[in-house]
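Novice: Task: produce atomic coordinates for the following.
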Amino acid sequence: MTSSDKPSSDTDPTTRPDSQDADTKAVTEAALFEAFGGVRGMVETVVPGLLFVTVFTINKDLTASAVAALAVSLALVVVRLIRKDTVKHAFSGVFGVAFGVAFAKMTGNAKDFYLPGMLYTLGLALAYLITTLAGVPLIGLILGPVFKENLSWRTRNPGRKKAYAKASYAWGLILLAKCAILFPLYWWADTTQFGWVLVALKIPPFLLAVYLTWVFLAKAPPPIDVFAEMEAEERAEKERKAEKEREAAAAAAAREQEAAAVRDGEYREY
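Specialist: Numbers count the residues shown, from 1 in each chain. Have a look, this model is predicted:
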């Protein structure tokens, strides 16, 4: 194991001061909000489906429900663009709604509006579990860049890798439990009943998974800021080059002085 692979002593949670522990928790909270969109991201996730099932409950019109859901998704993107906010969460909502509308219109079954999202949830649950079993937990791949640690947790911060594994297992199992409820209902319940259950299950499982992620990471060693390390290495390299240039200039000046002294001695002899 090279020195770069060994966990440094300041990543040991038993040696961290309380202030550093508090800072780590604050950074973890901020990173989770950034990665998962915060309250606004949750609202943007829920509103299109809520509007779809509300309109369908009232008039049982698939087209009107689909248009309403798609329109509000696009409106949320426009609002973010006007405010110059990040649009990744709003755009993902638009694509999800668009796929749902396409499925429902192709089959003529309003319940199929929810099918792409359910399949995505199932695939994501399996991805969390499989990547964790493979030693590269998905939540670490998602949050690593947010914490500016990239993949350093894999070899240099084993405590943090363990926390990412726990969090990924939590996400995978929670999403599988959600699928275990929704897929049977997809076959048994009518569109209105199924839609309201799905809307009700949008936020609570998500909040539980985010909370458990925060708990695991707040107790883990702090992230290693690889970007700061690279910047420090670049500064050190520049300083080394500057020092070499100064030494070369000094050596050249010394040689020039010696040459001048030799020329002066030769002139005097002449």
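Novice: In terms of secondary structure, what does the helix or strand containing Val77 contact?
Specialist: Assigned by DSSP states H and E, Val77 belongs to helix 62-83. Taking 3 or more CB pairs under 8 Å, 6 or more residues apart in numbering; DSSP states H and E as contact, the helices and strands that helix 62-83 lies on are helix 38-59, helix 88-107. Every residue, glycine included, has its C-beta placed from N, CA and C.
Novice: Could you list the residues in contact with it?
Specialist: For helix 62-83, the external contacting residues (CB atoms under 8 Å, 6 or more residues apart in numbering) are 44, 47-49, 51-53, 55-56, 59, 86-87, 90-91, 93-94, 97-98, 100-101, 104-105, 108, 110, 113.
Novice: Likewise for stretch 103-116?
Specialist: The contact list for stretch 103-116 (CB under 8 Å, 6+ apart) reads 49, 52, 56, 62-63, 65-66, 69, 96, 99-101, 182, 186, 190-191, 194-195, 198.
Novice: Tell me the helix or strand right after the helix or strand where Pro205 lies.
Specialist: Element membership for Pro205, per DSSP H and E: helix 203-218. Moving toward the C-terminus from helix 203-218, the next helix or strand (DSSP H and E) is helix 226-269.
Novice: Please state the offset of that following helix from the chain centre?
Specialist: 46 Å (CA atoms, centre = their mean, to the nearest Å).
Novice: Ok, stretch 67-82 next?
Specialist: With CA atoms, centre = their mean as the basis, stretch 67-82 stands 23 Å off its chain's centre.
Novice: Name the residues of it that come out as buried.
Specialist: For stretch 67-82, a neighbour-count test (16 or more other CB atoms under 10 Å) marks 68-70, 72-74, 76-77, 80 as buried.
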